[in-house]
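Colleague: Predicted model follows, preceded by the sequence.
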Amino acid sequence: MALHGLRDARGVTEIRNLGLLDAIEFGPEAGGGPARAQAIAAHCFKVGVLIRATGDSLVLSPPLGISAEQIGQIMDAVRQGAAKA
């Protein structure tokens, strides 16, 4: 999925997906962890993207009819949030 393009975002240690369910993990050794995931989720919410933080991961479950443009908006929001957090 397109979210694998976020592998180089600051603090990302792993990206997992199963169909449209995705998880972006932030490891403590890379400046990540639960607080970072929460901060990124909060940033995404402020810019209109709803993402759930669970532990040290962001979890995405977009609707089946999501467009490529909307996926791009999610990626931009996560990348911006990761840069700020």
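Modeller: Great, that's in hand.
Colleague: so where's this structure shaky on pLDDT?
Modeller: Where the chain drops to pLDDT under 70, the residues are 1, 29-33.
Colleague: For the protein, identify the residue most remote from the centre.
Modeller: Gly65 (19.0 Å; CA atoms, centre = their mean).
Colleague: Give me the helices and strands touching the longest helix along the chain, please.
Modeller: Assignment by DSSP state H gives helix 68-84 as the longest helix of the chain. Judged by 3 or more CB pairs under 8 Å, 6 or more residues apart in numbering; DSSP states H and E, the packing partners of helix 68-84 are helix 34-46. (C-beta placed from N, C-alpha, C; glycine too.)
Colleague: The helix or strand just after the helix it packs on: partners in the sheet, and parallel or antiparallel?
Modeller: Note on helix 34-46: by DSSP states H and E, the next helix or strand toward the C-terminus is strand 52-54. With DSSP bridges as the test, strand 52-54 is paired with strand 57-60 (antiparallel).
Colleague: Other residues contacting the partner strand?
Modeller: By CB atoms under 8 Å, 6 or more residues apart in numbering, the residues outside strand 57-60 that reach it are 3, 21-26, 37, 40-41, 44, 51-53, 74, 78.
Colleague: Alright, that wraps it up for me.
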